[in-house]
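> return atomic coordinates for the entry below.
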Amino acid sequence: MKASHDDALLKLDRIPDILGIADVPCLREDDADTWHVQIFRSIDSNSVKGFPKDPKEATNMNLVCGKNVLIDMSIHTAYVKAIRAAQHFIYIENQYFLGSSYNWSNYQNLGANNLIPMEIALKIANKIRANERFAAYIVLPMWPEGNPTSTATQRILFWQHNTMQMMYETIYKALQEVGLENTYEPQDYLIFFCLGNREVPENG
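Down below sits the predicted model:
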């Protein structure tokens, strides 16, 4: 590993193009141009040093214990809060989309317990019952990273299929409850997309 020296770091005050905190313009909270930004992460004690050993201290830092490791689930909590607060639509891009296995028709003990898929399905179901228009758009790669034919990739795709099936079943039941199962389809509320490049034929 290459050695570094403290004096190799840039002195920010010597770079005129970088604004200091005091120079950043501040807008009013009610200004239409104001943006709210939050930083979240998802990491566990196998990947980071410094997580507390004491359970009470870990709880105070909003860390949870799962699979014998401490987990910072702030990004999961943020997703759930954003889904619950959504009024008209949800848009998510991610490399994987699987979870809420406790509600799958099979493999319920898999341990993919994140709440995000179920939260989205329940949000849509509640909007259907309230007779309010709502849609969730989820963009995924056609295959997750790696060899598409590998066992690991095929397993992920299978679990994603189970997740999607569970969500569509939840939405369909809500449509049945309000008598709209012949008017709308679950895909009118929940849509999965894969991005792709369209290429012009070499001879055309």
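> going by C-alpha atoms from here, please, whenever you check contacts or count neighbours.
Will do.
> may I ask you to name the longest helix in this structure?
Longest helix in the chain by number of residues (criterion: DSSP state H): helix 151-177.
> in that helix, what counts as buried?
Buried positions in helix 151-177, judged by neighbour count with 16 or more other C-alpha atoms under 10 Å: 153, 156-157, 159-160, 162-164, 166-168, 170-172, 174-175.
> how far away is the closest residue to Phe134 other than its chain neighbours from Lys173?
Distances taken as C-alpha to C-alpha, 6 or more residues apart in numbering put His88 closest to Phe134, at 4.9 Å, once the chain neighbours are dropped. Counting by C-alpha to C-alpha, to the nearest Å, the separation of His88 from Lys173 is 20 Å.
> repeat that for Val200.
Here the criterion is C-alpha to C-alpha. By it, Val200 lies 43 Å from Lys173.
> go on, Asn68?
Asn68 is 36 Å from Lys173, where distance means C-alpha to C-alpha.
> Glu199 now?
Relative to Lys173, Glu199 is positioned 41 Å away (C-alpha to C-alpha).
> now do Asn147
For Asn147, the distance to Lys173 (C-alpha to C-alpha) stands at 36 Å.
> any idea which residue sits dead centre in this protein?
Ranked by distance to the mean C-alpha position of the chain (C-alpha atoms, centre = their mean), the top residue is Tyr79 at 5.9 Å.
> just say helix, strand or coil for that residue.
Following DSSP: H, G, I helix; E, B strand; the rest coil, the label given to Tyr79 is helix.
> surely it and Leu115 touch.
No - Tyr79 lies out of contact with Leu115 (C-alpha atoms under 8 Å); the separation is 9.1 Å.
> if we can go back for a sec, quick one, what contacts the residue nearest to the centre of the chain?
Ile116 (C-alpha atoms under 8 Å, 6 or more residues apart in numbering).
> circling back to that earlier point, against which helices or strands is the longest helix of the chain packed?
helix 116-129 (3 or more C-alpha pairs under 8 Å, 6 or more residues apart in numbering; DSSP states H and E).
> list the neighbouring strands of the very next helix or strand once past the helix it packs on plus their orientation.
From helix 116-129 onward toward the C-terminus, using DSSP states H and E, the following helix or strand is strand 135-140. Using DSSP bridges, strand 135-140 pairs in its sheet with strand 89-93 (parallel), strand 190-194 (parallel).
> figure out which of the ones you listed is closest to Lys56.
strand 89-93 (33.7 Å; C-alpha to C-alpha).
> okay, now the domains of this structure?
Domain assignment for the chain by automatic domain parsing gives 14-72, 87-204.
> which stretches of this structure have low pLDDT?
1-26, 36-41, 67, 204 (pLDDT under 70).
> again, 90 this time
Applying pLDDT under 90 to the chain flags the ranges 1-78, 94-96, 101-103, 105-114, 142-148, 195-204.
> enumerate the positions of stretch 189-201 that are buried.
For stretch 189-201, by 16+ other C-alpha under 10 Å, it's Tyr189, Leu190.
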